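**Q** sequence first, predicted coordinates after that:
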Amino acid sequence: MSQFTQIKDHWSEQRQFVRRVFVCAFLVVGLTGLVITRLVQLQLVNFEYYSAQSQGNRIRVQPLPPTRGLIFDRNGQILAENLPTYQLELTPEQVPNVDDTLHRLAEAGLIDAENLPRLSDLILSHRRFDSIPLRQRLSDTDVARFAVQRPFFPGVEIRARLTRNYPYGTVAAHALGYVGGINAADKQILDPAGYAGTSHIGKVAVERAYEAQLHGEVGHEDVLVNAHGRHMQVLAAESSVPGRDLLLTLDIDVQIAAERALAGRRGAVVSIVPSSGEILVFASAPSFDPNAFSVGLTPSEFRVLQEDSNQPLFNRALSGQYPPGSTIKPILALAALDHDIVDPENRIICRGFYRLPGGSHRYRDWKPEGHGSVNLHIAIVESCDTYFYEVATNLGIDAISISLRNFGLGSRTGIDMAGENRGLVPSREWKRSQFANRGDQIWFPGETVITGIGQGYLLATPLQLAHAVATIATRGKRYQPSMVRGLRDPVTGTTEFRQPGLLASVDVITESNWQLIIDSMVAVMQGPKGTARASGYGRSYSITGKTGTAQVFTLAQDEEYNEEEIDESKRDHALFVAFAPVEDPAIAVAVVVENGGSGSSVAAPIARQVLDAFLGSRTL
Amino acid sequence: MILAYGTEASVGHGWGGRILQRLHLDGVLLAGIFATLLVGAVVLYSAVGQTKSVMYGQGVRVLIAMVVMVAMAQISPTVIRRIAPWVYGIGIVMLAMVLMAGEVGKGAQRWLDIGVRFQPSEIMKLAVPAVLAWFLHERPLPPSLWLILAMLVMIMAPVAMISLQPDLGTAILIGLTGATVIFLAGIGARYIFSALAIVMASMPVLWYFMRDYQKQRVLTLINPDSDPLGAGYHIIQSKIAIGSGGIFGKGWLNGSQGQLEFLPERSTDFIFAVAGEEFGLLGAVAILLLYLAVVARGFYIAATAQDTFSRLLAGSISLTFFFYVFVNSAMVTGLVPVVGVPLPLVSSGGTSMVTLLAGFGILMSIQTHRKLLPR
C-alpha cells in the first residue's frame, strides 16, 4: 500500500538526474585525464627509453662470415680453396605438404629414406620461413636430376654454400691440416664475436696454426626483422674482411714425389731449404682426405679412420718420435772432434762388438764380423757401431746431450704448425726426474754406449732430423723451420713475407771439422764402400747422406736379427738423412719408414726420389 | 555550450535536419560516430598490414551495424521499454544455454551457434540497463533499499553467468552498466560509499575465485617484467609502441611495433597502441577527445530525455560507452590489467560493433521520439 502513497515527482527527479549526469561528466573527464596523463608519461617523459626499446625490437644484427684465406704452394699452386657445394634445402612455409614432399624426395633418390624421421624433426624445430638443409654435398648428377623435377617440389631449392676444398686430396694433408665443425674445445679458445656465423675452424697443422690469419674478420648486417624474426629489409651493412692467403714454402710437385715414394708404407719425409728453414716437403704416410672433414664425416667414417691400425690421422712428420739410430753419428763425430777426444787419422780395430772396460756385456756392431781397422771417416761411411760406442763412452752422456741439443734435438723446432712433439735427448738430470725408483735414477755407462748409435732413450721427430741435417749443410747456421713464406691480403694483393728465423747456431772450435764430417757423408753416397752408395748412382748432382737403422725391439745377447722371421711391428725403423748439392746445399731431407728394415735399402731410395724431384728439374 | 549544440537541428531546422528527423537520427551523434569510425578505419588499415580483405570484412560489419542502428532508432522508447524484460529473459536463457553447450572459442565458452555465431553476452550489454530502467520507470526515485537489492539480483544473475564462461571483462562491464543505472537513479551517497566498501572488502574473496590466467593478468600489471615473453609480453610491447610514438608519432603505416608484428592483438584489443605509435600523443589525445564528444552528446540526450526510462537508459548507454573507451585505453597503457575489451568503433570485431551501434540507435530513438510537452 505504501508504494501508492509516494507520488512520482517528475520535476525533482529530472533535476536529480541532471545532477547525477554532471557527476558522471566529472568522472568521465577525470578518467580521461588519467589516461592522458599516462600517455604524457609514456610518450613525452619516457619517450627516449621506449624509443630505444622499439629500435632494439626491430633491428637484428646478422653476422656476415668472412671467406677463409686460400693456401698456395711456393710455386703458386692452389692447395686449399673455397668451393661452392650444392645442398638441398627446404622452406616449410612454401611447401604445401611437408611429409609428402619428403617422401617424394626420398622416392626420387635425393634424400635417404632412413633420414626421414630425423628430417621431419629438424623441420619442426625450425621457424617456418627458415631454409633447412636436407642434404649436403649433392653430386652433379643429383643437381641435374633435381633440376628436371623442380616444378614438382615447390619450396625445395638447391643452394650453393662455400666449403673448404683441397684439390690435391690426400697429398700434403698432414702439412695443411683440415677444417671441421667448431666443437666445445674450440669454443673455449676462440672469440665468439669473431666467429659469429662461422661454422668451421682449422683443426690441425697449418690450418690450425694460421687460424687467426686465415679466418678473417666477421662483418655484420643490421636487418629489419618482424616479431617472428623474419628478415624484412637490410638497413646497414659492414662487409666482412676475407682471411689472408697463405703462401706456403711447400713444393707440391716434390711433395707428390715424396708421397709416391712413401706409398704403402708408414713413415714420414721432411725436406728443408737449409739456408732458410723453409719446408719443401712435409709428408706423413698413410694420409687421409681432408675434404671429407670439411663436408663432415659420419660417425662411422670417423671411426674407420680412428681405428685404422696404420693411424692415418697421426702426423708422423711432426709428432712421430723415433730412435734416430746412426743418422746422428755425424753429429757425435763433430762433437768428438770438437772436444778433441778423437784424432781423425787414429784407427781402432772393430771386431764386431764393443765391451765397456771391465764389463762383460757385448755391444754388437750391425756387421757381426766387424769392420776391421776403422778411422773416423770409415766409421761414418760404413756406419761402424763399435767406433761410436767408444766415441760415446769417451765423450760421456753430458757432452753428448749438449751437442745433440745444439742441433735442435730434444726440443721443439718451433715450426709454425700445431701439435709438434719435442723428441727426447736423455741426460743425467732427465733420468733422475723421470724414474720413481731410486735405483733407476742413476745414469749407467751402458746407456751412454747405446746413445752413441742413436738408440736407448733417444728419440727424434722426422722434422728434427731434417732440421739437424740442414744444420750440417749450413755448417752450424740454424733456421727455424717454417711452412709459410708469406701472407697475402686478397683485397689489396700485397704480400707480407716472413723473414727466416735465425736460431742459436752450432759453434765449433775448428771450422774445418765440418768439412771432415761432410766429406764422410759424401762418401756414404758416393764412395765405393758407402752404406747408401746404391742410392747415389746415376745422380746429376753431388750428394751427402747418412743411413740409420733403428732397433725397435732388443734382441737377446745370442739372438740373430732375421727380418723374414720377425713380426712386422718389431722390425727395425729405416732412417735416412741427406742434403744436396754438396757445394751449395739447396735441400736437406730426412726419411723415416716405420718397421721398414734397413735405412740404406728402404729409406735412402725414398730420399733420392725427393732429391731428384727437386734438383732434377733445376737447371744446374 | 557544446551540449546544446544541435538541439535546433534535431527538431528540424533546414532540409537536412528535417530528413534526419524523419529518419529518427541525431545529426550530432551521427557525426561523432562517423568521425570515430573514419579515424578507426585509418588506424585499422595500418594495424592489419593493409590487408584489403580485413578492411572489407570490417566495412560489412559496420554496414550491418548501421542498419541495426537505424532500425533501433525507429523503435520508440515506449516500445523498447515494453520489450525490455522479454529481451532480458531471452538473454538469460541463452546465457544458460551457452554454459551448458556453448561452443569453445578462444578457450572460453562465449559463442552460441544459432546459424550465425554470436555472443549472448552482447545482448546483455543493452538488456541489463534496459530492464533496470524499465523496472524503475513507474517507481518513485530515488529507489528504496529493497528496490536496489532487487536490481542487484537482476544485475548479478547475468554477470555471474558471464563470468562463469569465463569472460571476466564483459561481466565486469555489464556489472558496471547496471551500477550506472542505479547511480543515475539517484541513490544516496551512503549507499554508494557502502557499496564501494563492500567491493573493496570482497576483493580478496574475488581473488580466490579468479582463474589462474586472470590472476596472472593482475600480477602482470604490477610487474610486467616478471614474465616478459609470456603474460607480460602484451603489456610490455604495447607500452613500447605507445612510448616510442612520442608527441607526433612515427607516421601512418610506419609504426615498427605494429607493422613488424611485435604488438599482439594489434587489430583488436591493442589497436589504441597502434594509434599511439603512429600518431603520437597528439593523435591519441585527439581520439580520446573524439570519444568524449560522443559521450557528451549522449549525456545531453539523457539529460534532456522526457521520461525516467529514457533518461536512465540513455545515461547508462553513454556512460558504459565511456567505460569501454577508458578500460581499453587504460589497459593498453598499462593502467589496469589486461581484460579483453575492444576499443569501441575502432577495433576489428563482430558482435561488439553491432551492440554499440544498436545502443546509439536507442540514444537516437530517445532523442527523436520526444513528445512536445507544454513547458
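**A** Perfect, I can see it now.
**Q** does residue A:143 touch residue A:158 like I think?
**A** Yes: between residue A:143 and residue A:158 a contact is recorded at 6.0 Å, counting by C-beta atoms under 8 Å. Any C-beta I mention is one placed from the backbone N, CA and C, and that applies to glycine too.
**Q** tell me, what's touching those two both at once?
**A** Here residue A:143 and residue A:158 share the contacting residues residue A:86, scored by C-beta atoms under 8 Å, 6 or more residues apart in numbering or on different chains.
**Q** grab the most central residue of chain A for me.
**A** The residue lying closest to the centre of chain A (C-alpha atoms, centre = their mean) is residue A:205, at 1.7 Å.
**Q** where does the stretch 201-350 of chain B have low pLDDT?
**A** The model of the stretch 201-350 of chain B has pLDDT under 70 over residues B:221-231, B:350.
**Q** equivalent analysis for chain A, please.
**A** Ranges of chain A meeting pLDDT under 70: A:1-6, A:229, A:554-565, A:617-620.
**Q** helix or strand for the residue in it positioned nearest to chain B, which one?
**A** For chain A, the residue closest to chain B is residue A:50, as judged by C-beta to the nearest C-beta, at 2.5 Å. Element membership for residue A:50, per DSSP states H and E: helix A:47-58.
**Q** in that helix, what's buried?
**A** Buried positions in helix A:47-58, judged by neighbour count with 16 or more other C-beta atoms under 10 Å in any protein chain shown: A:47, A:50, A:51, A:53, A:54, A:57, A:58.
**Q** returning to that earlier point: pretty sure the residue of chain A closest to chain B sits against residue A:39.
**A** No: using C-beta under 8 Å, residue A:50 makes no contact with residue A:39, being 11.8 Å away.
**Q** joint contacts of the two?
**A** In contact with both residue A:50 and residue A:39: residue B:242, using C-beta under 8 Å, 6+ apart.
**Q** mind listing what the residue of chain A closest to chain B touches?
**A** Neighbours of residue A:50 in contact, by C-beta under 8 Å, 6+ apart: A:42, A:43, B:239, B:240, B:242, B:243, B:244.
**Q** and those residues as a markdown table, adding distance to residue A:546, neighbour count and secondary structure?
**A** Listed next are the contacts of residue A:50 as a markdown table, based on distance: C-beta to C-beta, whole Å; neighbours: other C-beta atoms under 10 Å in any protein chain shown; DSSP: H, G, I helix; E, B strand; the rest coil:
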| residue | distance to residue A:546 | neighbour count | secondary structure |
| --- | --- | --- | --- |
| A:42 | 86 | 27 | helix |
| A:43 | 88 | 28 | helix |
| B:239 | 83 | 23 | helix |
| B:240 | 79 | 26 | helix |
| B:242 | 86 | 35 | helix |
| B:243 | 83 | 28 | helix |
| B:244 | 80 | 29 | helix |
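**Q** and which of these is nearest residue A:315?
**A** Nearest to residue A:315 among the contacts of residue A:50 is residue B:240, at 56.3 Å by C-beta to C-beta.
**Q** excluding covalently adjacent residues, which one is nearest to the residue of chain A closest to chain B?
**A** residue B:243 (2.5 Å; C-beta to C-beta, 6 or more residues apart in numbering or on different chains).
**Q** next one: residue A:568
**A** Closest to residue A:568 by C-beta to C-beta, 6+ apart is residue A:595, at 5.6 Å.
**Q** so the one you found, which state does it fall into?
**A** coil (DSSP: H, G, I helix; E, B strand; the rest coil).
**Q** same thing with residue A:487?
**A** Applying three-state DSSP: residue A:487 is strand.
**Q** in stretch A:573-585, what counts as buried?
**A** In stretch A:573-585, the ones that count as buried by 16+ other C-beta under 10 Å are A:573, A:574, A:575, A:576, A:577, A:578, A:579, A:580, A:581, A:582, A:585.
**Q** surely residue B:73 and residue B:21 touch.
**A** No: counting by C-beta under 8 Å, residue B:73 does not reach residue B:21; the two are 10.9 Å apart.
**Q** now do the shared contacts for those two.
**A** residue B:368.
**Q** settle it for me: which of the two has more neighbours?
**A** Neighbour count, other C-beta atoms under 10 Å in any protein chain shown: between residue B:73 and residue B:21, residue B:73 has more, with 27 against 18.
**Q** secondary structure element for that one?
**A** Using DSSP H and E, residue B:73 falls in helix B:52-74.
**Q** distance from that helix to the middle of the chain?
**A** In terms of C-alpha atoms, centre = their mean, to the nearest Å, the centre of helix B:52-74 is found 16 Å from the chain centre.
**Q** same question for stretch B:153-161.
**A** 18 Å.
**Q** likewise for stretch A:124-142?
**A** 31 Å.
**Q** can you check stretch B:338-352 too?
**A** So, by C-alpha atoms, centre = their mean, the centroid of stretch B:338-352 is 8 Å from its chain's centroid.
**Q** can you give me the domain boundaries for chain A?
**A** A:2-45, A:61-248, A:252-615 (automatic domain parsing).
**Q** now these in CSV, with distance to residue B:179?
**A** Converted to CSV, those look like this (distance: least, C-beta to C-beta, whole Å):
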stretch, distance to residue B:179
domain A:2-45, 12
domain A:61-248, 39
domain A:252-615, 70
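**Q** which stretches of the stretch 1-150 of chain B form helices?
**A** Ranges of helices within the stretch 1-150 of chain B are B:7-11, B:14-22, B:27-47, B:52-74, B:77-101, B:120-137, B:145-164, based on DSSP state H, counting those that start in this stretch.
**Q** winner for burial among those helices?
**A** Mean neighbour count (mean count of other C-beta atoms under 10 Å in any protein chain shown) peaks for helix B:120-137 among the helices of the stretch 1-150 of chain B, with a mean of 25.
**Q** do it and chain A come into contact?
**A** No: using C-beta under 8 Å from any C-beta of the partner chain, helix B:120-137 stays clear of chain A, coming no nearer than 9.6 Å.
**Q** how about the CA coordinates for that helix, as PDB?
**A** The C-alpha coordinates for helix B:120-137 follow below in PDB (Å, rounded to 0.1, in the frame of the first residue of the first chain):
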ATOM      1  CA  PRO B 120      24.600 -13.700 -26.000                       C
ATOM      2  CA  SER B 121      26.600 -11.600 -23.500                       C
ATOM      3  CA  GLU B 122      26.400  -8.800 -26.100                       C
ATOM      4  CA  ILE B 123      22.600  -8.700 -25.800                       C
ATOM      5  CA  MET B 124      23.000  -8.300 -22.100                       C
ATOM      6  CA  LYS B 125      25.100  -5.100 -22.600                       C
ATOM      7  CA  LEU B 126      21.900  -3.400 -23.600                       C
ATOM      8  CA  ALA B 127      19.300  -5.700 -22.000                       C
ATOM      9  CA  VAL B 128      20.600  -5.100 -18.400                       C
ATOM     10  CA  PRO B 129      20.400  -1.300 -18.400                       C
ATOM     11  CA  ALA B 130      17.100  -1.500 -20.300                       C
ATOM     12  CA  VAL B 131      15.400  -3.900 -17.900                       C
ATOM     13  CA  LEU B 132      16.600  -1.800 -14.900                       C
ATOM     14  CA  ALA B 133      15.300   1.400 -16.500                       C
ATOM     15  CA  TRP B 134      12.000  -0.400 -17.100                       C
ATOM     16  CA  PHE B 135      12.000  -1.600 -13.500                       C
ATOM     17  CA  LEU B 136      12.400   1.900 -12.200                       C
ATOM     18  CA  HIS B 137      10.200   3.700 -14.800                       C
END
